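Asks: Quick one, structure for this:
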Amino acid sequence: MGDKSVHVYTETDGIDEAFADILSANKAKTEALAELGIEELRLGLYRVPVPLPNNPLKVLNSYFIVGKDKTTIIDVGFNHPDCEKALDRALEALGTSWEDVEIVLTHSHPDHTGNLDRIWRRWIRVYANMHSFQEVKNLMDIQSTVFNPLLRHLSDSGTYDERSMQKRNANRYQVSAELLPLKNQPDLFYLSDGDTYRNGDYVFQVITTPGHDDWHICLYEPIKKILIAGDHILERITPSVMSWVNSYDALQEFMNSLRKVRDLDVDLILPGHGKPFTGIAERVDYLIQHHKDRLEELYSLVAEGHTSIIDIARNASWRYPDWDDWTLDQKFYSLGETFAHLIYLVNEGRVTLTITQNKRRFFIADQWDVKHVD
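Replies: Below you'll find the predicted structure:
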C-alpha cells in the first residue's frame, strides 16, 4: 500500500481560516464601496456621493464617520428617492444601519437637509446651528417681500408673463420651503461656535461660518487636520452669497467667515460639492479677491447710472451671457448675489440706498444723502 498523507488539525488552521474569512469580507466590502463610488478618506471616514437629480451641482458629498458605537452622517441630500437610496446603500455597504445613526447638518439648504423627511426616525439625533427649520421658513417668508416685487417687475417688463412664472414655480422661496424637511420637524440639537462633536477618535470643533447660509457651520478636526467645509469653501465653485434684507450684510458675514478659517492648520478640505482638496489659505484669498473685484464692478455700474437691482444685475458680467434669456432660477441667484454686494457697498458708505413704494434704487454716496424710506 502506498503512503497516505494524513493532515493533523492544529490551532493554526483555525487562525488561517479566520484570517481568510476576514480577507474575503474586506474584499467584498471594498468592491461594494467602489461600486457605489464611496471613498475612504481616513480610517472610518468616508465620502458618499449622493445624486442631486435635475440640479446643476449633480452630486452632494455626504460624509460618513463609522465609529464603534455610532455612525455619523454629515449632510443628507434632497427630499428625493434617489438620495434616500444612496444613503441606504451606503449604510449597508459599510456594515451599519439606521439604528446607529446620528446626523450633522452643515447648513439649511435643501440639497443638504431635505432628505430628512424620508430618512429620519424618532431615535435619530440631528445636530445643526439652528433651533428648528421653522426659522428658515420664517426668513424665507420675510425675504419674499423683496423678491416677489422683482418678479412682478420682470413680468411687467415683458420678460415673463404671469402664467409662465407660475408654471416655472417662480416664487423661489416657496419652492425652497417645500423642499425643506418640514413634514417630520425633527428636534434639532443646537451646535454653537466652539462646541465639539465626537465620534470615536474624531473630535470636531464647530466653527460658525455664516454667509452662504445664515446657519452655516464647518467642522474642524485639529489633530487629523481635516476641515469639513460644507458649502463655505469649494474648490472650483464660488459659493453663492445672497441677501434680500436691507439690514443684513451677508457678504460681510461671508468675508468674516472666510478669514475665520483661513489660517487653520488643515491638510484636507472636505467640501459639500466637488473633490476634496488642499490649500485653504490660497482658496480663501482667491474668494475674497473675487468678491472685491465684483464690488468694484458693481460700484462702476452704479456710477454709470444703473440704479435698480435688475438693471445692475443685467449689466454685470457673468459666466453665461444674455441675462434676459436666463431661467427664473438663474435670475433668482443673480439678483440675490447682486443685492448682497450692493448692501455691502451701502455699509461701506460708497453707495446709498433709497426705498420708495417698495422700489429700491442705488446711487453713488457723494451724489445722494443716505436715506431709507420704508
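
Asks: SS state for the residue lying closest to P239 once chain neighbours are set aside?
Replies: Distance criterion C-beta to C-beta, 6 or more residues apart in numbering; nearest residue to P239, sequence neighbours excluded, is H212 at 4.4 Å. C-beta coordinates here come from the backbone N, C-alpha and C atoms, glycine included. Here H212 is coil, with the state taken from DSSP: H, G, I helix; E, B strand; the rest coil.

Asks: how far away is H212 from V146?
Replies: 19 Å (C-beta to C-beta, to the nearest Å).

Asks: With neighbour numbers in mind, choose between those two.
Replies: H212 (23 against 20; other C-beta atoms under 10 Å).

Asks: backbone phi and psi for the more buried one, please?
Replies: Per-residue torsions, H212: phi -60, psi -30 (degrees, to the nearest 10).

Asks: try R47
Replies: Main-chain torsions, R47, degrees, to the nearest 10: phi -100, psi 120.

Asks: What separation is there between it and M242?
Replies: As for R47, its distance to M242 is 27 Å (criterion: C-beta to C-beta).

Asks: the more surrounded of those two?
Replies: In this view R47 and M242 are compared by other C-beta under 10 Å, and M242 has more residues nearby, 21 against 17.

Asks: and the more buried one, backbone torsions?
Replies: When read as degrees, to the nearest 10, the backbone of M242 gives phi -120, psi 150.

Asks: need the contact list for it.
Replies: Contact analysis of M242 by C-beta atoms under 8 Å, 6 or more residues apart in numbering lists 250, 333, 336-337, 339-340.

Asks: if you skip the residues just before and after it, what's nearest to it?
Replies: Nearest to M242 is G336, by C-beta to C-beta, 6+ apart, at 2.9 Å.

Asks: Which strands or helices does the host helix or strand of M140 pack on?
Replies: Using DSSP states H and E, M140 maps to helix 133-156. Helices and strands touching helix 133-156, by 3 or more C-beta pairs under 8 Å, 6 or more residues apart in numbering; DSSP states H and E, are helix 162-167, helix 172-179, helix 309-315, helix 328-348.

Asks: weakest of those helices in terms of mean pLDDT?
Replies: For these, mean pLDDT drops lowest on helix 162-167, to a mean of 47.

Asks: before we move on, the earlier item: correct me, but the residue nearest to M242 touches Y248?
Replies: No - look at G336 against Y248 with C-beta atoms under 8 Å: they stay out of range, at 11.8 Å.

Asks: quick one, which of those two is more surrounded?
Replies: Per other C-beta under 10 Å, whichever of G336 and Y248 has more neighbours is G336, with 22 against 16.

Asks: quick one: low-confidence ranges for the stretch 51-200 of the chain?
Replies: Within the stretch 51-200 of the chain, the ranges that satisfy pLDDT under 70 run 151-179.

Asks: What are the boundaries of the strands in it?
Replies: 59-66, 71-74, 101-104, 125-128, 188-190, 196-199 (DSSP state E, counting those that start in this stretch).

Asks: Just the CA atoms of the fourth one, as PDB, please.
Replies: In PDB, the C-alpha atoms belonging to strand 125-128 read as follows (Å, rounded to 0.1, in the frame of the first residue of the first chain):
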ATOM      1  CA  ARG A 125     -30.300  62.800  16.800                       C
ATOM      2  CA  VAL A 126     -29.900  65.700  14.300                       C
ATOM      3  CA  TYR A 127     -27.300  68.400  15.100                       C
ATOM      4  CA  ALA A 128     -27.300  71.800  13.500                       C
END
